[in-house]
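Trainee: Got a predicted structure here, sequence first:
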Amino acid sequence: MLTLSQISRFYGDTVALDGVDFVVPEDTYMSLLGASGSGKTTLLRLIAGFEEPNHGEISINSKRIDGQAPHLRDIGFVFQNFALFPHLSVAENVAFGLRYRAENPLSNNSEILDRTQEALKLVGLDGFGHRGVGAISGGQRQRVALARTLVCEPRIVLLDEPLGALDANLRARMCDELRAIRERLGVSFLHVTGSETEALTMGDEVAVLANGRITQSDAPDTLFSQPRTAEAARHMNAWNTFDGGLCGDALSNQEIAVRFDQMEVCAPGTAPQDHLSLKAQYLTGEFNGPTALSFFRASDGSLLQIIDHLSQPRLPDLIEGQDYDLHFSSNALRQFHGAA
Ligand SMILES: Nc1ncnc2c1ncn2[C@@H]1O[C@H](COP(=O)(O)OP(=O)(O)OP(=O)(O)O)[C@@H](O)[C@H]1O
C-alpha cells in the first residue's frame, strides 16, 4: 500500500500540491483525475523520487520512501511519450533495465532473454523482440514501454497519461489490455489522466486532484453519482454546478449540483410545484447521435446543460435567446458547503 500524507510541493510562488493525502491500496487499478496543471505529473514524480516534496511523507507498507534515490524505490514509471531508446530493438529496450539497473543488475544472458520474452509475452508482443522501435505501431510502442517497466517487477507502476499519444480506437483497446495485464500481475497501477471517461473506465478507484489536493477518492460509480465536493462534480462532466441562490433564498450561499440528465426544461412559470427551479436563457443545442445537449445561461452567467437521450425524447422545441424554467426534484440535488 502506497500512502502519501500531507504532501506539498512549491515552485517559487506556484503551489503545485498543497497537503495531499492519498492512498493507493495493494492490487488496485487507481485512476488519478485532474485538469491540466493540477499537479498530476508532479505527484507521480514525487512518488518515483525524481523530485522531493517540500512537506509531507511518502511510504510503502508503512516504510518511508521519500528521500530515497529513485532506483531504490522499486517503482515503475511509464512516461507519456514512452521514452524508448530509438537505436535499440524492442527486446533490447525491455532488457535495458535488467542489465543496467543500479541494484542487482543481471549479466546472465539466458536469464535476461527469458525474462524479456516473458515480459513481451505478457504485453502481447511475443515475436516482436527483434524489431526496431521505429518499425512498430504507437500501441505497440506503448506496450514496449510497459514491458520495460514490468520486467523489473516493481511494487507499483505509475502511468503518466499512458493513452494520450494513441488514437481513439487504440485507446479503447489499450484500456482493456492495461486492466487485464494488471490483474494478471496483481501489482497496483496508478494511472494519471485528464479524461474523466478514461479515469472512470479504468479505475477500481478514482481520485480527483483539484486545487493541489485530493478532493475525493472513491469507486467510479460512487464518485460519478455522489460527488462530495463541487470540484469532484465538475470533473465528472455530467453535473451542473451553480449557486443555490438562483433557486431561491433557502439555498443561497451554497454551491449545488444537479446532473445534466436530471434537469428538465419548461415554459416560464410552468415548473411542477414540488420541483426546485431557476430561470435561464436557451443558448444552443448540440446533437451527438444518441444524445442531444441543450445549453442555457443562468442570470448570474453560469452555463448549464441538459442532456436528452434520444430513446426517450422529452425536450420541447426551444428557441434561442428565449427564457425558460429549468427544474429538478430535490432528490436530484447535491449541496456543498460554501458559496459558488
Ligand atoms: N519545474 C517546474 N518549475 C516551475 N513550475 C512547475 C514545474 N513543474 C510544474 N510546475 C507547475 O506546477 C503546476 C503543476 O504542474 P504539473 O505538470 O504537475 O501538472 P499536470 O496536472 O501534470 O498538467 P498536465 O496535465 O498539463 O501535464 C503547474 O502550475 C506547473 O506550471
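Mentor: Nice, I can see it. Residues are numbered from 1 along each chain as shown.
Trainee: now stretch 225-232: how far from the chain's centre is it?
Mentor: How far stretch 225-232 lies from its chain's middle: 15 Å, per C-alpha atoms, centre = their mean, to the nearest Å.
Trainee: cool, stretch 288-296 as well?
Mentor: With C-alpha atoms, centre = their mean, you get 24 Å for stretch 288-296.
Trainee: Same check on stretch 39-54?
Mentor: So, by C-alpha atoms, centre = their mean, the centroid of stretch 39-54 is 17 Å from its chain's centroid.
Trainee: Next SSE downstream of the helix or strand hosting Thr215?
Mentor: Using DSSP states H and E, Thr215 sits within strand 213-218. Following strand 213-218 in sequence order, the next helix or strand is helix 220-225 (DSSP H and E).
Trainee: quick one on the thing from earlier: what lies in contact with the strand holding Thr215?
Mentor: 17-23, 205-209, 223, 226-229, 231-232 (C-beta atoms under 8 Å, 6 or more residues apart in numbering). To be clear about C-beta, it is placed using only N, CA and C from the backbone, and glycine gets the same treatment.
Trainee: Keep only those of those that are in strands.
Mentor: If you go by DSSP state E, those have Leu17, Asp18, Gly19, Val20, Asp21, Phe22, Val23, Glu205, Val206, Ala207, Val208, Leu209 in strands.
Trainee: Quick check: the farthest pair among those residues?
Mentor: Asp18 and Glu205 (21.7 Å; C-beta to C-beta).
Trainee: More neighbours: which of the two?
Mentor: The residue with more neighbours, out of Asp18 and Glu205, is Glu205; 19 against 15, by other C-beta atoms under 10 Å.
Trainee: How about that one: what's its closest non-neighbour residue?
Mentor: Leaving aside its sequence neighbours, Glu205 sits nearest to Met30 (C-beta to C-beta, 6 or more residues apart in numbering; 5.3 Å).
Trainee: Return the distance of the one you found relative to Phe336.
Mentor: Distance, Met30 to Phe336, by C-beta to C-beta, to the nearest Å: 24 Å.
Trainee: For the two, indicate the residue with more neighbours.
Mentor: Met30 (23 against 19).
Trainee: in what helix or strand does that one lie?
Mentor: strand 29-34.
Trainee: Remind me what that strand packs against, helices and strands.
Mentor: Strand 29-34 is packed against helix 40-48, helix 168-185, strand 188-193, helix 196-202, strand 205-210, with contacts defined by 3 or more C-beta pairs under 8 Å, 6 or more residues apart in numbering; DSSP states H and E.
Trainee: among these, which is nearest the ligand?
Mentor: The ligand lies closest to helix 40-48 among the helices and strands packed on strand 29-34, at 3.2 Å (C-beta to the nearest ligand atom).
Trainee: Is Pro220 in contact with Val206, as I believe?
Mentor: Yes: if you go by C-beta atoms under 8 Å, Pro220 and Val206 touch, sitting 5.2 Å apart.
Trainee: between these two, what contacts are shared?
Mentor: Common neighbours of Pro220 and Val206 (C-beta under 8 Å, 6+ apart) are Ser31, Ala199, Leu200.
Trainee: hang on, the earlier thing: which of the helices and strands packed on strand 29-34 has the lowest average pLDDT?
Mentor: Here the lowest mean pLDDT among these goes to helix 168-185, at a mean of 84.
Trainee: Alongside the ligand, which residues does this protein contribute?
Mentor: Within the chain, the positions near the ligand by C-beta under 6 Å from any ligand atom are Tyr11, Thr14, Ala16, Gly34, Ser36, Gly37, Ser38, Gly39, Lys40, Thr41, Thr42, Gly194.
Trainee: count of neighbours near the residue of the stretch 51-200 of the chain found nearest the ligand?
Mentor: The ligand sits closest to Gly194 of the stretch 51-200 of the chain, with a gap of 5.2 Å, by C-beta to the nearest ligand atom. For Gly194, the count of nearby residues is 16 (other C-beta under 10 Å).
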